[in-house]
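S.K.: test case, fold it:
(one chain, ligands or ions: 1)
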Amino acid sequence: MGIDFGGSGIKGALIDTETGELTTERYRIPTPEPSTPEAVAETIRQLTEHFNYKGRMGVAFPAAVQAGIIQTAANIDKSWIGKDAPAILEEKTGCDTIIINDADAAGLAEMRFGHGRDLKGVGMIVTVGSGLGTALFTNGVLMPNTELGHIYYKDKIAEKWASDATRKKKDLSWKKWAKRFGKYLHYMEQLFYPELIIIGGGASKKFNKYEKYLHKVRTRILPAYLQNHAGIIGAAIEAKETEHKQEEEPQKAQPAE
Ligand code: BGC
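M.R.: As a prediction, the model looks like this:
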């Protein structure tokens, strides 16, 4: 099972990790306000109950994540910082849980089953929603937790200036917003020289509204093939693949009596 914890909704589905297809309808519950660990864990429990699911699950988080510990909380309740998310979710749901950054999850899915398939060189995913999330790949291998939505563009934090949430809050036209987003993408291409930029998140479905305003970016840009299912699918892929790694881990030697 894959779950995507977003700024406005927490979404889940059962996934066939061999094909990247959803084997159930996607189910969405609005993100609780405030999005505290207790409230989010309860929402995720409701998702597992909806699917009557007890197996292993991957949860995509809008945060930098190291060994299951939440490191940042730009768009979620600050009390997540320092928390062991898999432990909290396992206790609440009874499901064996791994977590991954949401943009990394979306990127994994696109690299495996979407437009990044067989891509040689550097691929970049930018998810556009409540924040700006990024994922970087070289020959399909992820460098996790790039937080390039938090980079300063001129004197502004990029995601505060060019996210979809800002477009809605400031009631910017697609053209006005895309001018900002295009500048951000151009800045990214000057830093990383990717072969391809994939746009994920909610804005991936609206690509035709702003594609024409991104002409200053020289890199090929495509909307996520998996649209905003990419996060759910990538979280499930990560759960499946790390399961084998855990099985392969050698047992710790027992101390001699
Ligand atoms: C977070 C990232 C996340 C992005 C998209 C940012 O505010 O810091 O970890 O990937 O939002 O949700």
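
S.K.: only C-alpha atoms from now on, for both contacts and neighbour counts.
M.R.: OK.

S.K.: list the contacts of the residue of the stretch 151-257 of the chain found nearest the ligand.
M.R.: Going by C-alpha to the nearest ligand atom, the ligand is nearest to residue 159 of the stretch 151-257 of the chain, at 7.0 Å. Neighbour list for residue 159: 131, 132, 149, 150 [criterion: C-alpha atoms under 8 Å, 6 or more residues apart in numbering].

S.K.: overlap between those and the residues near the ligand?
M.R.: 131, 132 (C-alpha under 6 Å from any ligand atom).

S.K.: centre of the chain to the helix or strand containing the residue of the stretch 151-257 of the chain closest to the ligand, how far?
M.R.: Using DSSP states H and E, residue 159 maps to helix 158-162. Centroid separation for helix 158-162 versus its chain: 17 Å, with C-alpha atoms, centre = their mean, to the nearest Å.

S.K.: for stretch 84-100, same thing?
M.R.: Distance, centroid of stretch 84-100 to centroid of chain: 17 Å (C-alpha atoms, centre = their mean).

S.K.: what are the buried residues along it?
M.R.: For stretch 84-100, a neighbour-count test (16 or more other C-alpha atoms under 10 Å) marks 84-90, 92-100 as buried.

S.K.: go on, stretch 232-241?
M.R.: 232, 233, 234, 235, 236, 237, 238, 239, 240.

S.K.: among those, which ones are in helices?
M.R.: 232, 233, 234, 235, 236, 237, 238, 239, 240 (DSSP state H).

S.K.: quick check: which of those are also close to the ligand?
M.R.: Answer for these near the ligand: none qualify (C-alpha under 6 Å from any ligand atom).

S.K.: so where do the strands sit in the stretch 101-250 of the chain?
M.R.: For the stretch 101-250 of the chain, applying DSSP state E, counting those that start in this stretch gives strands covering 122-128, 132-138, 141-143, 152-153, 156-157, 196-200, 220-223.

S.K.: same list, those strands, but as JSON lines with mean neighbour count please.
M.R.: Formatted as JSON lines, those follow (neighbours: other C-alpha atoms under 10 Å):
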{"stretch": "strand 122-128", "mean neighbour count": "26"}
{"stretch": "strand 132-138", "mean neighbour count": "24"}
{"stretch": "strand 141-143", "mean neighbour count": "14"}
{"stretch": "strand 152-153", "mean neighbour count": "15"}
{"stretch": "strand 156-157", "mean neighbour count": "13"}
{"stretch": "strand 196-200", "mean neighbour count": "26"}
{"stretch": "strand 220-223", "mean neighbour count": "18"}
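
S.K.: residue 177 is nearest to which of those?
M.R.: strand 122-128 (11.7 Å; C-alpha to C-alpha).

S.K.: can you show me the CA trace of that closest one as PDB?
M.R.: Output in PDB follows, covering the C-alpha atoms of strand 122-128 (Å, rounded to 0.1, in the frame of the first residue of the first chain):
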ATOM      1  CA  VAL A 122      20.400  13.700 -14.500                       C
ATOM      2  CA  GLY A 123      16.700  13.700 -14.100                       C
ATOM      3  CA  MET A 124      14.900  16.200 -11.900                       C
ATOM      4  CA  ILE A 125      11.400  16.100 -10.500                       C
ATOM      5  CA  VAL A 126       9.700  19.200  -9.100                       C
ATOM      6  CA  THR A 127       6.400  18.700  -7.300                       C
ATOM      7  CA  VAL A 128       4.200  21.700  -7.100                       C
END
